[in-house]
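1. Sequence first, then the predicted structure, then my questions.
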Amino acid sequence: LLLLQLQNGAVYKFHEGKTVLYLDGQGAYAETPDASLQFPGFTVTFWLKALNTGYIYSDWTKPKKFAFWIHENYKRLAFQLKSNKGENLASFFSG
């Protein structure tokens, strides 16, 4: 069971027969507990209905830093992995 801490207006809503996490794009977010990611490989799975661009999920703590977001210019899902020194280790754009 994943317990989220909802922040800055993040709420659960009932939409199309399902309970969904709604983030208003105005600073709302949800915090998740720490997860042990086993590098060099890991898998993250989620369903998303993006109504706007912005960050979806990120972790900027050590040992690796990563983010998933909807890119503002390309309107596509993006992923980036950086080293602790800020070096880009991997980037991905969907589609």
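-> It's in. Residues are numbered from 1 along each chain as shown.
2. Grab the most central residue of this structure for me.
-> The centroid of the chain falls nearest to Tyr57 when counting by Cα atoms, centre = their mean (1.2 Å).
3. Which pLDDT value goes with that residue?
-> Here, the pLDDT recorded for Tyr57 equals 80.
4. and it, what element?
-> Using DSSP states H and E, the element containing Tyr57 is strand 54-59.
5. what lines up beside the next helix or strand after that strand in the sheet?
-> Sequence-wise, the next helix or strand downstream of strand 54-59 (DSSP H and E) is strand 65-70. With DSSP bridges as the test, strand 65-70 is paired with strand 54-59 (antiparallel), strand 77-82 (antiparallel).
6. So what's the residue count around the nearest residue to Tyr22 once chain neighbours are set aside?
-> Leaving aside its chain neighbours, Tyr22 sits nearest to Lys13 (4.6 Å; criterion: Cβ to Cβ, 6 or more residues apart in numbering). Every residue, glycine included, has its C-beta placed from N, CA and C. Number of residues near Lys13 (other Cβ atoms under 10 Å) recorded here: 9.
7. One more: Ala78?
-> Ala78: 18 neighbours (other Cβ under 10 Å).
8. What about the nearest residue to it once chain neighbours are set aside, how many residues nearby?
-> Distance criterion Cβ to Cβ, 6+ apart; nearest residue to Ala78, sequence neighbours excluded, is His71 at 4.4 Å. Residues near His71, counting by other Cβ under 10 Å, number 13.
9. From Val44, how far out is His71?
-> Applying Cβ to Cβ, to the nearest Å, the value for His71 to Val44 is 17 Å.
10. Just want the phi and psi numbers for Tyr29.
-> phi -160, psi 170 (degrees, to the nearest 10).
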